[in-house]
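Enquirer: Pasting the sequence and the predicted model now:
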Amino acid sequence: FKIHGKSLRTRIVVALFTFVALWGFTLSITRYSIPEEMEEGSFVANLAADLGLDVRSLEERNAKLDVIHGKNYLDLNKDTGELIIREKMDREVICMTKTTSCFLKMEVILSNPVRIFNIELEILDINDNAPLFRRKTMHLDVSEATPPGERFSLTNAVDADVGANSIKTYYLSESKYFGIDIQTGSDGSKYVDLVLKGKLDREEHAVHNLILTAVDGGVPPRSGTASIIVNVLDINDNAPLFIQPVFAVNVSENSAPGTVVMILNATDLDEGSNAELIYSYTLYTSEKTQEIFTLDPNSGEIKVKGVIDYEASQSFDMYIQAQDRGSTPLSGHCKVMVFVTDLNDNYPEVTIKSLKRAVAEDVSVGTLIAVVSVSDKDSGMNGIVDLTLNQQDILPFLLNKSSEDYFELLVSKPLDREVMSKYEIVLRVRDRGFPPLSDNETITLEILDVNDNAPTFSQSIFTIHVMENNPPGAILTSLSAFDPDLNENQYLVYVIMEKEIVNMSMSMLFSINPENGDLYGMKTFDYEREREFLFHIEARDSGNPPLSSNTTVHIIILDQNDNTPQIVSPWRAQGSLVEEVIPRSIEKDCHQSVSATTIQMLFVSSAAGSLV
């Protein structure tokens, strides 16, 4: 703990640090204490130093101060890392209920990477409010027959301050007939009863004027006063009585208007009008309680009138008097304590604190996708919340509980964009009440492509038949490969893998369109000279790094009847005949028109004596 200060009005700062680390997510809790009414611009603490952060990283990581369920009374100076007062704080405005502790809950959220620090700022009370009586003048009618020791309810003073600064005691001006008795309520409030010390005599002293002073415990103390005027009455000498001074009763929240809470029954020993009773709330009963419950003045029946909400108030105190109808009315008093039973009437909530809307398909298992928190305004089992994933068994994600109300959504299995490109992750929050209440929150996660698939051809070898005498530049076929990736990872380029044939490169014989895989012949092929070609074509994507595959292309040149048969001639050499054998490759129709085996043609030249 660190304490700085010289007086009650001097700044007091108390910091408590707790660090919890689970699965790489850090929840930081830092607590400070300052007095209320500090001036604007006042220094509270150096958050950067207390949280161990580099001041320069506050701007770079987009540091943000978020006050939970409240007004932004403070600012975070990103240049110095200091937490400063933005607007003067009144503790009685911030915490309207009279509780000892008053906290402002905040979160400091950093990005890249995500980190959340919980800040709790306790607003300490100062004695800036004096006790105040709701009624400055109180009139009491007291019968002269009232015995010493009788008590009379007085209007209590209220003080907006708490703790030592709230009402400490009461003082009554000097009187031999009256004194006061100070009581402490269930909430710590001080109440005062006027107590009769001596027997009254109306004929001797008909009116008593008293001053009641309420003093708080501040330094210096503050006080407030009220006048008490006691009128001494005659005759009716029996006050109504309740069977017990305190009653306790339970009622469920959300009980319908008209629901009977209980029926009071006081008795009076007098007769006639002096025994007829009228029930009413005393000044001790708060206005809020009177708005929620009705009291029948004749029957003493207490019913529900307004909305009972356990989350707003768990109990109510009723201070009730029964007054008779005598000419000099007397009254009896009791206290009714109503305890509210909680119902499961608030739906649990899930809040996304941090979220990645897109991740690459090759992220590692354990990658943080989102940080979520759960809450439920109910109490007990009705306020215990469970968070689950719909279709947990088939989704590649899991929930890890990092702290009491915080969960991390993590990658639990390898992702594959080609199998699933987008996930609708449904977070289901459910409390343990009966019947349970639940709610859903959907997270949409896009899976980004990486170049993890090489192009593939439909077959490992393509056999293409090309008729000889083809025109140069004519398309021979179209080859295509498939790549399931996206964008540049799917954009393919086709190339011929070079291979020389008799001092001629393959690119001089064939050409391929790099964009669509159309294969062209760059020259006219002659079956009598070349009959087949064998080479490889590669398909390469445009990823980084690029991936590729290849296929084999087998070009077969087909023969055309593009050569006329030639007869060399039978010729005689030295008195013998030379035979010319017709090749077997000559087409069938040629065989039909010529002898099936050999043709001998003799031309005798008488002049030369040779074969022609």
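Expert: It's in.
Enquirer: rest of the way, CA atoms for contacts and neighbours
Expert: Fine.
Enquirer: Can you tell me, leaving aside adjacent residues, what's nearest to residue 192?
Expert: Of all residues not flanking residue 192 in the chain, residue 182 sits nearest, at 4.4 Å (Cα to Cα, 6 or more residues apart in numbering).
Enquirer: Residue 332: how many residues sit nearby?
Expert: Residue 332 sits with 23 neighbouring residues when counted by other Cα atoms under 10 Å.
Enquirer: you'd agree it is up against residue 323?
Expert: Yes - contact criterion Cα atoms under 8 Å: residue 332 and residue 323 qualify, at 6.5 Å.
Enquirer: and the host helix or strand of residue 369, how far out from the chain's middle?
Expert: Here residue 369, judged by DSSP states H and E, is contained in strand 368-375. Chain-centre distance of strand 368-375: 5 Å, with Cα atoms, centre = their mean, to the nearest Å.
Enquirer: Grab the CA positions of the helix or strand following that strand and hand them over as PDB.
Expert: Sequence order places strand 385-389 as the next helix or strand after strand 368-375, per DSSP H and E. Provided in PDB are the C-alpha atoms of strand 385-389 (Å, rounded to 0.1, in the frame of the first residue of the first chain):
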ATOM      1  CA  VAL A 385     -23.600 -18.300 -15.100                       C
ATOM      2  CA  ASP A 386     -22.300 -21.000 -17.400                       C
ATOM      3  CA  LEU A 387     -20.900 -20.200 -20.800                       C
ATOM      4  CA  THR A 388     -20.800 -22.800 -23.600                       C
ATOM      5  CA  LEU A 389     -20.300 -23.100 -27.300                       C
END
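Enquirer: partners of the following helix or strand past strand 385-389 in the sheet?
Expert: Downstream of strand 385-389, the first helix or strand assigned by DSSP H and E is strand 397-401. In the sheet, strand 397-401 lines up against strand 406-411 (antiparallel) (DSSP bridges).
Enquirer: element containing residue 439?
Expert: Since the elements are taken from DSSP H and E, residue 439 ends up inside strand 438-448.
Enquirer: quick one: that strand to strand 385-389, angle?
Expert: Between the axes of strand 438-448 and strand 385-389, defined by axes from the mean of the first three to the mean of the last three Cα atoms, to 10 degrees, the angle is 30 degrees.
Enquirer: Strand 438-448 packs against which elements?
Expert: When contacts are defined as 3 or more Cα pairs under 8 Å, 6 or more residues apart in numbering; DSSP states H and E, strand 438-448 sits against strand 349-355, strand 358-360, strand 422-431.
Enquirer: Okay, buried residues for the shortest one please.
Expert: Going back to what we said before, that points to strand 358-360. With burial defined by 16 or more other Cα atoms under 10 Å, not one residue of strand 358-360 is counted as buried.
Enquirer: repeat for the last one
Expert: The neighbour-count criterion (16+ other Cα under 10 Å) identifies 425, 426, 427, 428, 429, 430, 431 as the buried residues of strand 422-431.
Enquirer: shared neighbours of residue 332 and residue 323, which are they?
Expert: 239, 240 (Cα atoms under 8 Å, 6 or more residues apart in numbering).
Enquirer: got the residue ranges for the helices in the stretch 201-350 of the chain?
Expert: For the stretch 201-350 of the chain, the helices defined by DSSP state H, counting those that start in this stretch cover 287-292.
Enquirer: what about the strands in it?
Expert: 207-216, 223-233, 246-252, 260-263, 277-281, 293-295, 301-304, 315-324, 331-341, 349-355 (DSSP state E, counting those that start in this stretch).
Enquirer: just to revisit the earlier point, okay, angle between the strand holding residue 369 and strand 397-401 too, please.
Expert: Using the same axes, to 10 degrees: strand 368-375 against strand 397-401 is 50 degrees.
Enquirer: Low-confidence stretches in this protein?
Expert: For the chain, residues meeting the criterion pLDDT under 70 lie at 1-28, 69, 97-99, 234, 237, 499-503, 568-612.
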